[in-house]
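Participant: Show me the folded form of this:
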Amino acid sequence: MLSRQVIVYAKCLKNHLSRLSRFGLEGTFFEIEGNETNKSIESYLKIIDFLIEKDFKKSDLLVAVGGGSVLDLVGFVAATFMRGVEVAFVPTTLLAMVDASIGGKNGINRPWVKNILGTTYLPKQTFLDMYFLSLMSPEELYPGYVEMIKVAVIDAFCSIDQTEERLKRQYSGSFLEDWEFPPSEKSIERARALKQGIVGEDIQEKGLRKLLNFGHTVGHALEAYLDFTMSHGEAVQHGMSVEMELLEFPLVLRQKIASYFPYKTPFPAIHRENFLKILLRDKKNAENKIALSNVLMHKHKEYIAYFDAEKVVNACLKRAHDSLYPGA
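Facilitator: Numbering: from 1, shown residues only. Take a look at the predicted model:
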(Lines give C-alpha, C1' and ligand atoms only; values in the text may rest on other atoms or scores of the structure.)
Protein backbone atom coordinates (compact mmCIF):
# COMPACT_ATOMS: atom_id res chain seq x y z
CA MET A 1 0.00 0.00 0.00
CA LEU A 2 1.45 3.36 -1.08
CA SER A 3 1.82 5.96 1.64
CA ARG A 4 -0.12 9.19 1.49
CA GLN A 5 1.74 12.48 1.53
CA VAL A 6 1.07 15.72 3.35
CA ILE A 7 3.14 18.51 1.83
CA VAL A 8 3.81 21.58 3.99
CA TYR A 9 5.12 24.40 1.82
CA ALA A 10 6.15 28.04 2.10
CA LYS A 11 3.45 30.42 0.88
CA CYS A 12 5.84 32.16 -1.53
CA LEU A 13 6.20 28.89 -3.50
CA LYS A 14 2.50 28.45 -4.25
CA ASN A 15 2.97 28.98 -8.00
CA HIS A 16 5.88 26.56 -8.25
CA LEU A 17 4.51 23.41 -6.65
CA SER A 18 4.22 21.63 -10.01
CA ARG A 19 8.01 21.13 -9.77
CA LEU A 20 7.39 18.52 -7.07
CA SER A 21 5.93 16.01 -9.52
CA ARG A 22 9.41 15.20 -10.86
CA PHE A 23 10.15 13.67 -7.45
CA GLY A 24 6.84 11.80 -7.26
CA LEU A 25 5.58 14.17 -4.58
CA GLU A 26 1.85 14.82 -4.62
CA GLY A 27 -0.84 14.76 -2.00
CA THR A 28 -2.54 17.08 0.45
CA PHE A 29 -1.03 20.55 0.74
CA PHE A 30 -0.72 22.81 3.77
CA GLU A 31 0.52 26.38 3.39
CA ILE A 32 2.59 28.27 5.96
CA GLU A 33 4.64 31.44 6.11
CA GLY A 34 8.30 30.72 5.51
CA ASN A 35 10.16 32.85 8.04
CA GLU A 36 11.84 32.66 11.45
CA THR A 37 8.94 34.24 13.32
CA ASN A 38 6.74 31.39 12.09
CA LYS A 39 8.98 28.83 13.83
CA SER A 40 6.65 28.96 16.82
CA ILE A 41 4.60 26.69 19.03
CA GLU A 42 1.47 28.13 17.44
CA SER A 43 2.59 27.14 13.93
CA TYR A 44 3.74 23.75 15.20
CA LEU A 45 0.29 23.06 16.68
CA LYS A 46 -1.48 24.18 13.49
CA ILE A 47 0.41 21.54 11.51
CA ILE A 48 -0.22 18.91 14.20
CA ASP A 49 -3.95 19.68 14.17
CA PHE A 50 -4.01 19.49 10.36
CA LEU A 51 -2.36 16.05 10.44
CA ILE A 52 -4.90 14.84 13.00
CA GLU A 53 -7.75 16.25 10.91
CA LYS A 54 -6.44 14.42 7.82
CA ASP A 55 -6.04 11.18 9.78
CA PHE A 56 -2.29 11.07 9.09
CA LYS A 57 -0.84 7.59 9.71
CA LYS A 58 2.60 6.38 10.76
CA SER A 59 2.94 4.88 7.28
CA ASP A 60 2.34 8.26 5.59
CA LEU A 61 5.01 10.73 4.50
CA LEU A 62 5.34 14.33 5.67
CA VAL A 63 7.09 16.62 3.17
CA ALA A 64 8.66 20.03 3.86
CA VAL A 65 9.07 22.40 0.92
CA GLY A 66 10.81 25.70 1.56
CA GLY A 67 13.75 27.37 3.20
CA GLY A 68 15.47 26.58 6.47
CA SER A 69 12.68 27.86 8.70
CA VAL A 70 10.15 25.56 7.01
CA LEU A 71 12.48 22.56 7.23
CA ASP A 72 13.23 23.28 10.90
CA LEU A 73 9.55 23.54 11.80
CA VAL A 74 8.30 20.56 9.80
CA GLY A 75 11.28 18.47 10.89
CA PHE A 76 10.31 19.11 14.51
CA VAL A 77 6.72 18.12 13.75
CA ALA A 78 7.93 14.89 12.14
CA ALA A 79 10.20 14.06 15.08
CA THR A 80 7.46 14.51 17.68
CA PHE A 81 4.15 13.62 16.02
CA MET A 82 3.23 10.03 16.93
CA ARG A 83 6.78 9.78 18.39
CA GLY A 84 8.22 10.10 14.91
CA VAL A 85 6.97 9.89 11.32
CA GLU A 86 8.92 9.83 8.07
CA VAL A 87 9.75 13.20 6.54
CA ALA A 88 11.23 14.29 3.22
CA PHE A 89 12.81 17.67 2.49
CA VAL A 90 12.71 19.81 -0.63
CA PRO A 91 15.03 22.72 0.25
CA THR A 92 14.32 25.71 -1.98
CA THR A 93 16.89 28.25 -0.75
CA LEU A 94 20.66 28.06 -0.84
CA LEU A 95 20.77 28.20 2.96
CA ALA A 96 18.42 25.23 3.21
CA MET A 97 20.36 23.25 0.59
CA VAL A 98 23.78 23.62 2.20
CA ASP A 99 22.76 23.77 5.86
CA ALA A 100 19.24 23.18 7.20
CA SER A 101 18.55 20.06 5.11
CA ILE A 102 21.72 18.29 6.30
CA GLY A 103 22.20 16.62 9.66
CA GLY A 104 18.69 16.39 11.03
CA LYS A 105 18.69 19.36 13.40
CA ASN A 106 15.27 20.96 13.73
CA GLY A 107 13.56 23.29 16.15
CA ILE A 108 11.25 26.14 16.99
CA ASN A 109 11.87 29.47 18.68
CA ARG A 110 10.59 31.17 21.78
CA PRO A 111 10.83 34.91 22.48
CA TRP A 112 14.51 35.91 22.60
CA VAL A 113 15.74 32.33 22.16
CA LYS A 114 16.37 30.55 18.85
CA ASN A 115 15.80 26.79 18.41
CA ILE A 116 15.25 26.27 22.14
CA LEU A 117 12.88 23.36 21.40
CA GLY A 118 14.22 20.82 18.95
CA THR A 119 15.60 17.40 18.17
CA THR A 120 18.02 15.66 15.84
CA TYR A 121 15.89 13.67 13.41
CA LEU A 122 17.08 12.71 9.94
CA PRO A 123 14.85 13.02 6.86
CA LYS A 124 14.08 9.91 4.86
CA GLN A 125 15.04 11.71 1.64
CA THR A 126 16.16 15.11 0.42
CA PHE A 127 15.31 16.29 -3.09
CA LEU A 128 17.30 19.10 -4.73
CA ASP A 129 15.94 21.23 -7.57
CA MET A 130 18.35 24.01 -8.56
CA TYR A 131 15.48 25.73 -10.36
CA PHE A 132 14.40 27.27 -7.07
CA LEU A 133 17.70 29.15 -6.77
CA SER A 134 16.89 30.96 -10.02
CA LEU A 135 14.00 32.61 -8.17
CA MET A 136 16.35 34.19 -5.63
CA SER A 137 18.15 37.52 -5.71
CA PRO A 138 21.86 37.70 -4.79
CA GLU A 139 20.82 39.10 -1.40
CA GLU A 140 18.57 36.08 -0.83
CA LEU A 141 21.33 33.67 -1.86
CA TYR A 142 23.81 35.31 0.48
CA PRO A 143 22.90 33.61 3.80
CA GLY A 144 23.61 30.23 2.24
CA TYR A 145 26.91 31.45 0.85
CA VAL A 146 27.99 32.54 4.35
CA GLU A 147 27.36 28.98 5.55
CA MET A 148 29.44 27.67 2.63
CA ILE A 149 32.40 29.84 3.65
CA LYS A 150 31.90 28.77 7.27
CA VAL A 151 32.12 25.06 6.45
CA ALA A 152 35.14 25.68 4.20
CA VAL A 153 36.98 27.32 7.11
CA ILE A 154 36.04 24.46 9.44
CA ASP A 155 37.18 21.85 6.90
CA ALA A 156 40.53 23.60 6.53
CA PHE A 157 41.34 23.74 10.23
CA CYS A 158 39.43 20.95 11.98
CA SER A 159 42.22 18.36 11.93
CA ILE A 160 44.46 18.13 14.99
CA ASP A 161 47.20 16.49 12.91
CA GLN A 162 48.33 19.26 10.55
CA THR A 163 51.51 19.28 8.47
CA GLU A 164 53.57 22.47 8.29
CA GLU A 165 52.87 22.77 4.56
CA ARG A 166 49.13 22.38 5.06
CA LEU A 167 49.11 24.91 7.90
CA LYS A 168 50.96 27.44 5.73
CA ARG A 169 48.28 27.10 3.08
CA GLN A 170 45.53 27.35 5.67
CA TYR A 171 46.86 30.52 7.26
CA SER A 172 47.30 32.18 3.87
CA GLY A 173 43.58 31.68 3.27
CA SER A 174 44.28 30.12 -0.13
CA PHE A 175 41.84 27.30 0.66
CA LEU A 176 39.04 29.77 -0.13
CA GLU A 177 40.14 30.50 -3.69
CA ASP A 178 37.65 28.10 -5.29
CA TRP A 179 34.60 29.56 -3.52
CA GLU A 180 32.81 32.13 -5.61
CA PHE A 181 29.63 34.18 -5.30
CA PRO A 182 27.09 33.55 -6.64
CA PRO A 183 28.06 29.91 -6.11
CA SER A 184 28.13 27.31 -8.86
CA GLU A 185 26.22 24.05 -8.62
CA LYS A 186 29.59 22.30 -8.20
CA SER A 187 30.52 24.43 -5.17
CA ILE A 188 27.06 23.88 -3.67
CA GLU A 189 27.55 20.12 -3.96
CA ARG A 190 31.00 20.48 -2.42
CA ALA A 191 29.67 22.46 0.54
CA ARG A 192 26.97 19.85 1.10
CA ALA A 193 29.57 17.08 1.00
CA LEU A 194 31.78 18.86 3.54
CA LYS A 195 28.94 19.26 6.01
CA GLN A 196 27.69 15.70 5.41
CA GLY A 197 31.20 14.42 6.14
CA ILE A 198 31.32 16.20 9.50
CA VAL A 199 27.77 15.22 10.46
CA GLY A 200 28.34 11.62 9.38
CA GLU A 201 31.16 11.29 11.91
CA ASP A 202 29.20 12.81 14.80
CA ILE A 203 25.43 12.81 14.32
CA GLN A 204 24.71 13.48 18.02
CA GLU A 205 27.18 16.38 18.28
CA LYS A 206 29.47 14.88 20.90
CA GLY A 207 32.65 16.21 19.31
CA LEU A 208 33.50 17.20 15.73
CA ARG A 209 30.00 18.43 14.85
CA LYS A 210 30.28 21.10 17.54
CA LEU A 211 32.54 23.00 15.15
CA LEU A 212 29.57 23.62 12.84
CA ASN A 213 28.31 26.11 15.43
CA PHE A 214 31.16 28.44 14.42
CA GLY A 215 29.76 31.97 14.22
CA HIS A 216 26.40 30.84 15.54
CA THR A 217 26.75 31.64 19.25
CA VAL A 218 27.03 35.36 18.59
CA GLY A 219 25.02 35.04 15.38
CA HIS A 220 21.97 33.46 17.00
CA ALA A 221 22.13 35.99 19.83
CA LEU A 222 22.03 38.82 17.29
CA GLU A 223 19.07 37.26 15.48
CA ALA A 224 17.13 36.88 18.72
CA TYR A 225 18.10 40.35 19.99
CA LEU A 226 16.83 41.92 16.75
CA ASP A 227 13.65 39.81 16.80
CA PHE A 228 14.77 37.96 13.65
CA THR A 229 14.82 41.09 11.49
CA MET A 230 18.48 40.43 10.58
CA SER A 231 19.09 37.65 8.06
CA HIS A 232 20.78 34.48 9.27
CA GLY A 233 23.67 35.10 6.89
CA GLU A 234 24.35 38.62 8.17
CA ALA A 235 24.15 37.42 11.77
CA VAL A 236 26.52 34.49 11.24
CA GLN A 237 28.94 36.68 9.30
CA HIS A 238 29.08 39.08 12.26
CA GLY A 239 29.30 36.10 14.60
CA MET A 240 32.27 34.62 12.74
CA SER A 241 34.03 37.98 12.80
CA VAL A 242 33.67 38.37 16.59
CA GLU A 243 34.43 34.73 17.34
CA MET A 244 37.56 34.68 15.14
CA GLU A 245 38.91 37.61 17.13
CA LEU A 246 38.15 35.94 20.47
CA LEU A 247 39.68 32.66 19.26
CA GLU A 248 42.82 34.57 18.23
CA PHE A 249 42.73 33.91 14.51
CA PRO A 250 45.71 35.74 12.95
CA LEU A 251 44.70 39.16 11.62
CA VAL A 252 45.81 38.30 8.07
CA LEU A 253 43.59 35.22 8.05
CA ARG A 254 40.61 37.16 9.44
CA GLN A 255 41.05 39.76 6.73
CA LYS A 256 41.31 37.09 4.04
CA ILE A 257 38.11 35.39 5.18
CA ALA A 258 36.32 38.74 5.43
CA SER A 259 37.33 39.54 1.84
CA TYR A 260 35.18 36.64 0.63
CA PHE A 261 32.03 38.26 2.01
CA PRO A 262 30.76 40.66 -0.69
CA TYR A 263 28.07 42.17 1.54
CA LYS A 264 29.32 44.03 4.59
CA THR A 265 26.63 45.43 6.86
CA PRO A 266 27.38 47.42 10.02
CA PHE A 267 27.35 45.60 13.32
CA PRO A 268 24.05 46.58 15.00
CA ALA A 269 23.85 48.70 18.13
CA ILE A 270 23.22 46.55 21.20
CA HIS A 271 22.32 47.19 24.84
CA ARG A 272 24.87 45.51 27.11
CA GLU A 273 22.53 43.98 29.69
CA ASN A 274 19.83 42.89 27.25
CA PHE A 275 22.31 41.29 24.87
CA LEU A 276 24.11 39.60 27.78
CA LYS A 277 20.84 37.96 28.90
CA ILE A 278 20.32 36.52 25.42
CA LEU A 279 23.89 35.23 25.16
CA LEU A 280 23.57 33.47 28.52
CA ARG A 281 20.47 31.59 27.32
CA ASP A 282 22.43 29.75 24.63
CA LYS A 283 21.96 26.01 25.13
CA LYS A 284 25.66 25.31 24.48
CA ASN A 285 26.86 27.30 27.49
CA ALA A 286 28.20 25.81 30.71
CA GLU A 287 28.33 27.44 34.15
CA ASN A 288 27.55 30.90 32.76
CA LYS A 289 30.47 30.64 30.33
CA ILE A 290 29.84 31.34 26.64
CA ALA A 291 30.66 28.38 24.38
CA LEU A 292 32.44 29.10 21.09
CA SER A 293 33.45 26.54 18.47
CA ASN A 294 37.23 26.03 18.55
CA VAL A 295 37.86 25.95 14.82
CA LEU A 296 41.67 26.08 15.18
CA MET A 297 41.74 22.48 16.39
CA HIS A 298 45.48 21.97 15.90
CA LYS A 299 46.04 24.91 18.27
CA HIS A 300 43.38 24.39 20.94
CA LYS A 301 42.90 20.57 20.96
CA GLU A 302 39.33 21.05 22.18
CA TYR A 303 36.08 21.42 20.25
CA ILE A 304 34.73 24.15 22.52
CA ALA A 305 36.36 27.18 24.15
CA TYR A 306 34.55 28.86 27.03
CA PHE A 307 34.69 32.61 27.53
CA ASP A 308 33.47 34.96 30.23
CA ALA A 309 30.20 36.43 29.04
CA GLU A 310 31.44 39.97 29.65
CA LYS A 311 34.39 39.39 27.34
CA VAL A 312 32.10 38.27 24.52
CA VAL A 313 29.72 41.19 25.04
CA ASN A 314 32.63 43.64 25.11
CA ALA A 315 33.90 42.26 21.80
CA CYS A 316 30.42 42.77 20.30
CA LEU A 317 30.14 46.29 21.72
CA LYS A 318 33.53 47.13 20.22
CA ARG A 319 32.30 45.93 16.82
CA ALA A 320 29.17 48.03 17.14
CA HIS A 321 31.25 51.09 18.11
CA ASP A 322 33.69 50.57 15.23
CA SER A 323 30.78 50.28 12.79
CA LEU A 324 29.27 53.51 14.07
CA TYR A 325 32.58 55.39 14.26
CA PRO A 326 34.92 53.82 11.67
CA GLY A 327 38.52 54.83 12.13
CA ALA A 328 37.86 56.40 15.53
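
Participant: Tell me where the model's unsure across the stretch 101-250 of the chain.
Facilitator: 159-162 (pLDDT under 70).

Participant: where along it do the helices fall?
Facilitator: Secondary structure of the stretch 101-250 of the chain (DSSP state H, counting those that start in this stretch): helices at 138-157, 164-172, 185-201, 216-225, 232-246.

Participant: Dump those helices into JSON lines; add mean neighbour count and distance to residue 297 as well.
Facilitator: Backbone N, C-alpha and C define where each C-beta goes, glycine included. Shown next, in JSON lines, are the helices of the stretch 101-250 of the chain (neighbours: other Cβ atoms under 10 Å; distance: least, Cβ to Cβ, whole Å):
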{"stretch": "helix 138-157", "mean neighbour count": "22", "distance to residue 297": "6"}
{"stretch": "helix 164-172", "mean neighbour count": "13", "distance to residue 297": "11"}
{"stretch": "helix 185-201", "mean neighbour count": "16", "distance to residue 297": "12"}
{"stretch": "helix 216-225", "mean neighbour count": "25", "distance to residue 297": "17"}
{"stretch": "helix 232-246", "mean neighbour count": "24", "distance to residue 297": "14"}
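
Participant: For residue 280, find the nearest of those.
Facilitator: helix 216-225 (9.3 Å; Cβ to Cβ).

Participant: Show me the beta-bridge partners of the closest residue in space to residue 29 that isn't next to it in sequence.
Facilitator: Of all residues not flanking residue 29 in the chain, residue 7 sits nearest, at 5.1 Å (Cβ to Cβ, 6 or more residues apart in numbering). Applying DSSP bridges to residue 7 gives these bridge partners: residue 29, residue 63.

Participant: My understanding was that residue 7 contacts residue 30; is that so?
Facilitator: Yes - in this structure, residue 7 is within contact of residue 30 by Cβ atoms under 8 Å, at 7.1 Å.

Participant: So between the two, which is more surrounded?
Facilitator: residue 7 (21 against 17; other Cβ atoms under 10 Å).

Participant: do you know how far that one is from residue 43?
Facilitator: Applying Cβ to Cβ, to the nearest Å, the value for residue 7 to residue 43 is 16 Å.

Participant: Could you do residue 272 as well?
Facilitator: From residue 272 to residue 43 the distance is 32 Å (Cβ to Cβ).

Participant: Compare the two (neighbour count), which wins?
Facilitator: residue 43 (20 against 12).

Participant: what's near enough to touch that one?
Facilitator: Counting by Cβ atoms under 8 Å, 6 or more residues apart in numbering, residue 43 touches 32, 33, 73, 108.

Participant: burial of the nearest residue to residue 14 once chain neighbours are set aside, as a residue count?
Facilitator: Leaving aside its chain neighbours, residue 14 sits nearest to residue 31 (6.8 Å; criterion: Cβ to Cβ, 6+ apart). For residue 31, the count of nearby residues is 14 (other Cβ under 10 Å).

Participant: tell me the two of the contacts of residue 43 that are most distant?
Facilitator: Going by Cβ to Cβ, the pair spanning the contacts of residue 43 furthest: 33 and 108, at 13.4 Å.

Participant: Tell me how far residue 116 lies from residue 72.
Facilitator: 12 Å.

Participant: sorry, back to before: which other helices and strands contact the helix or strand encompassing the residue nearest to residue 14?
Facilitator: Using DSSP states H and E, residue 31 maps to strand 28-32. Judged by 3 or more Cβ pairs under 8 Å, 6 or more residues apart in numbering; DSSP states H and E, strand 28-32 is in contact with strand 5-10, helix 41-53.
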